[in-house]
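> Sequence and predicted structure are below.
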Amino acid sequence: MSSPLSSPVFRALWLATIVSNIGTWMHDVGAAWLMTSLSPSPLMVALVQAATTFPLFLLALPAGALADIVDRRKVLIGAQLWTLCAAGGLAAVTLAGWASPALLLGFTVALACGAAMSAPAFQASVPELVPRAALTQAVALNSTGINIARAVGPALGGVIIATAGSGAVFALNAVSVTGVLIVLWRWRRAPGDHHLPPEHFGGALAAGLRFAVRAPALQVVLIRALAFFLCASALWALLPVVARRELRLDALGYGVLLTALGCGAVAGALLLPWLRKRVPVNALTVIAALLFAGATAALALAPGLALAIPVLVAAGMAWIAMMAALNGAAQLAVPGWVKARALAIYLLVFQGSMTAGAALWGSIALQAGTDAALFAAAGGLVVALIAAWRFPLSGEDALDLAPSLHWGAPVVAGEIAHDRGPVLVTIEYRIDPDQVAAFARAMAPMQRVRRRDGASGWGLYEDAAMPGLMIESFTVPSWVEHLRQHVRVTNADRTDQDAARAFHLGPQPPVVRHWIAPG
């Protein structure tokens, strides 16, 4: 199997992204540390984490819809330009001595907006940059790159803050964005197959939400992400408070703590391939959640830096194991046509959980103390393991979501305008009367498929005069939406369809008719 790094664009983007992520982690250290100087409130410090995550919660789905219907390269370039301006503005304000809690939170929100617009497009672009056989390795490399940055950025940020102040860190973050911009500008993205017109923005948003509602594999990932990240956010949100007030560390010491997290994540990423061959993915997430819960509780008990470092190394290993499992499951749960939107919904749940959790644990720390908040979060992680039993993650071979393209072209008389509709599709089956109930059960997955891919109504009926003569019907808002159904159907859907059509009697396939409202 060829390495993803053999692709020049992927290699250049991967290296540039590592540099940019180092700048981002330096910013995070600088922002959290600056807030501890601007405000004594643990809630305000926790709100820095919330300001980092909330915009992705707000903008993830619109960004994903945009990335699915327009040129992803242009979306990425626009997002990076916005980030460059926001980072430069924060650096200028801080170096001028005008920083305040409100301005710091405002610029942090602006930076997070750029990240929110970029994330779905970036994740959905990976399959375009590497061969299909190298996709899993490319996803793992991206995770490794993030954690290399996590290992380097905090320590480097701590050194720079100690010697030159937070303003210098913010300025270097702005510079770090330029490498990604250069790579994206030079990338000549291959044109896609546009035999159908692009979806309208509102319709694309609705399609993404509709898919999430009708895709059980994606729903499992979303539930598991919510259960874990809501409680896991406590360690990230309260770590600056622990560093400054409990462990009595300076900015460099705080950077060392974040570096320990990053080193643990890198070590975990290196260990993951060996573990995946020996431990089922769902069991691996249970182990990771228990390890992270133990690390969260142990952090509250750590008397000094010497014990906090190994605790955070363990937390970093658990974090990357859970992130890789959930992100990989999300990638495998969605087909290409809706990938950016579905991954955006996953990111929305991830960052929404981190945002809500940061505010929740910050408030508890303000009222009951930091140790109490960390203990409560650790207990929540253990309780959340119920989700691992009720909603287990599947392995890599669970679904084949490649387009099957097995639906024949609709038989029509003449050209039909794309916006004409609504369209009623009927499919006539002849079933053994004794097998009608079993056929109806086999058709249940097809109802989900039809509605997931665009149908606004679905029904299955038996002829009152001819037992065993069955009609499946579903409606679609327009002709072009029905044509999109033809290209959205997957190999996994074909398996469900074949199971249902095995009940059909006769040498001829079921009769398909298309009924369209007068234009």
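Alright, I've got the coordinates.
> For C231, pull up the helix or strand it's in.
Secondary-structure element containing C231, defined by DSSP states H and E: helix 216-241.
> do the same with V169
Using DSSP H and E, the element containing V169 is helix 166-186.
> Packing partners of the helix or strand following that helix?
From helix 166-186 onward toward the C-terminus, using DSSP H and E, the following helix or strand is helix 201-213. Helix 201-213 sits against helix 42-69, helix 216-241, helix 339-368, helix 436-452, with contacts defined as 3 or more C-beta pairs under 8 Å, 6 or more residues apart in numbering; DSSP states H and E. (Each C-beta comes from the backbone N, C-alpha and C, glycine too.)
> so which of these comes closest to H195?
If you check each of the helices and strands packed on helix 201-213 against H195 by C-beta to C-beta, helix 42-69 wins as the nearest, at 14.9 Å.
> Give me the mean pLDDT for that closest one.
Throughout helix 42-69, pLDDT has a mean value of 82.
> Checking my notes, L424 in a helix, right?
No - applying DSSP: H, G, I helix; E, B strand; the rest coil, one finds L424 to be strand, outside a helix.
> Distance-wise, check it relative to M317.
As for L424, its distance to M317 is 55 Å (criterion: C-beta to C-beta, to the nearest Å).
> Likewise for P120?
With distances defined as C-beta to C-beta, the gap from P120 to M317 amounts to 27 Å.
> Between the two, tell me which one has more neighbours.
Neighbours around P120 and M317, counted as other C-beta atoms under 10 Å, are more numerous at P120. The numbers are 33 against 25.
> State whether the more buried one is indeed within a helix.
Yes - the assignment for P120 is a helix, going by three-state DSSP.
> contacting residues for it?
Counting by C-beta atoms under 8 Å, 6 or more residues apart in numbering, P120 makes contact with 60, 63-64, 67, 340-341, 343-344, 347.
> what angle do the helix or strand bottoming out on mean pLDDT in the chain and helix 166-186 make?
Between all helices and strands in the chain, the lowest mean by mean pLDDT, DSSP states H and E belongs to helix 135-164, at a mean of 77. What separates the directions of helix 135-164 and helix 166-186 is an angle of 150 degrees, with axes from the mean of the first three to the mean of the last three C-alpha atoms, to 10 degrees.
> list the buried ones in helix 135-164?
Residues of helix 135-164 classed as buried by neighbour count (16 or more other C-beta atoms under 10 Å): 135-158, 160-161.
> tell me which strands and helices that helix is in contact with?
Of the remaining helices and strands, those touching helix 135-164 by 3+ C-beta pairs under 8 Å, 6+ apart are helix 8-38, helix 101-129, helix 166-186, helix 251-276, helix 305-332.
> Just the buried residues of the second one, please?
Using 16+ other C-beta under 10 Å as the burial criterion, the residues of helix 101-129 that qualify are 101, 104-129.
> tell me the angle of it relative to helix 166-186?
An angle of 30 degrees separates the directions of helix 101-129 and helix 166-186 when computed by the same axes, to 10 degrees.
> Helix 101-129 to helix 201-213, inter-axis angle?
Angle between the axes of helix 101-129 and helix 201-213 is 80 degrees (criterion: the same axes, to 10 degrees).
> ok, back up a step: tell me the angle the least confident helix or strand of the chain makes with helix 251-276.
An angle of 170 degrees separates the directions of helix 135-164 and helix 251-276 when computed by the same axes, to 10 degrees.
> can you give me the angle helix 135-164 makes with helix 305-332?
Angle between the axes of helix 135-164 and helix 305-332 is 140 degrees (criterion: the same axes, to 10 degrees).
> Leaving out the residues flanking it, which one is nearest to Y346?
Take Y346 and drop its neighbours on the chain: the residue closest to it by C-beta to C-beta, 6 or more residues apart in numbering is A330, 4.3 Å away.
> List the residues that contact the one you found.
A330 makes contacts with 218, 221, 342-343, 346, as judged by C-beta under 8 Å, 6+ apart.
> Same list, the residues you listed, but as JSON lines with pLDDT, neighbour count and distance to R488 please.
Formatted as JSON lines, the entries for the contacts of A330 read as follows, by pLDDT from 0 to 100; neighbours: other C-beta atoms under 10 Å; distance: C-beta to C-beta, whole Å:
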{"residue": "L218", "pLDDT": "91", "neighbour count": "22", "distance to R488": "15"}
{"residue": "V221", "pLDDT": "91", "neighbour count": "28", "distance to R488": "20"}
{"residue": "A342", "pLDDT": "88", "neighbour count": "27", "distance to R488": "12"}
{"residue": "L343", "pLDDT": "86", "neighbour count": "26", "distance to R488": "17"}
{"residue": "Y346", "pLDDT": "89", "neighbour count": "26", "distance to R488": "19"}
